[in-house]
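Asker: Provided below are the primary sequence and the corresponding predicted coordinates.
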Amino acid sequence: MSPGHLYSIEVENISVHRFTLTEIACDVKLYITNRTPVRVTITRIPFTLTFTEEGSGTVHCLGTGEAHPVKIAPGGVAGISVPVAIRNHAAISLVTATLGNRQPVTVSGHAYVDAKITELEIPFSQTVVIPPLLRK
């Protein structure tokens with residue numbers, strides 16, 4: 001069984017909670033599932049937020065985040081919120097490309113599981129939509 005079948009990372013949502021002159025503060029809610037019969041530690045979960053511009057296919061990086069050690073019970077699920085700052089120059093591309101619409105954002109990264117004698121790397125990528133940042 002591959003590590004991807006033993007563990008999974010799902011993005012529940014991205015919630016925007018603060019705007020400033022220089023950035024948009026948001027939280028990425030992740031759920032990590034441990035399908036093994038032993039307690040595990042996820043040492044870190046680095047990820048990137050991107051969006052793809054319709055038409056041109058240009059990929060814009062909005063920001064990065066990283067969750068730090070998370071312990072998960074056997075057969076358990078852990079939910080965590082990871083803060084991410086989206087710099088306004090990156091957000092301008094997102095807003096102008098999708099003005100007034102829900103914006104699809106892709107969260108891609110890797111979870112690193114402490115397997116005592118080695119570290120397992122579990123890739124994940126999921127697209128979620130966030131509410132419009134500006135109205136028409």
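Answerer: Noted; the coordinates are in hand. All of these numbers come straight from a predicted model, not from anything done at the bench. Numbers count the residues shown, from 1 in each chain.

Asker: where does pLDDT dip in the protein?
Answerer: 1-4, 93-102, 131-136 (pLDDT under 70).

Asker: repeat that for 90
Answerer: Scanning the chain with the threshold set as pLDDT under 90 gives 1-6, 14-25, 51-62, 68, 85-105, 115-119, 129-136.

Asker: any chance you could map the strands in it?
Answerer: With strands called from DSSP state E, the chain shows them at 7-19, 23-34, 40-52, 59-67, 70-72, 77-87, 103-114, 119-130.

Asker: show me what the fifth one is packed up against.
Answerer: Judged by 3 or more C-beta pairs under 8 Å, 6 or more residues apart in numbering; DSSP states H and E, strand 70-72 is in contact with strand 23-34, strand 40-52, strand 77-87. From N, CA and C alone the C-beta is placed, and that goes for glycine too.

Asker: then the last one?
Answerer: Helices and strands touching strand 119-130, by 3+ C-beta pairs under 8 Å, 6+ apart, are helix 3-6, strand 7-19, strand 103-114.

Asker: could you dump those to JSON lines with mean neighbour count?
Answerer: Output for the helices and strands packed on strand 119-130, formatted as JSON lines (neighbours: other C-beta atoms under 10 Å):
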{"stretch": "helix 3-6", "mean neighbour count": "13"}
{"stretch": "strand 7-19", "mean neighbour count": "15"}
{"stretch": "strand 103-114", "mean neighbour count": "19"}
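
Asker: alright, calling it a day.
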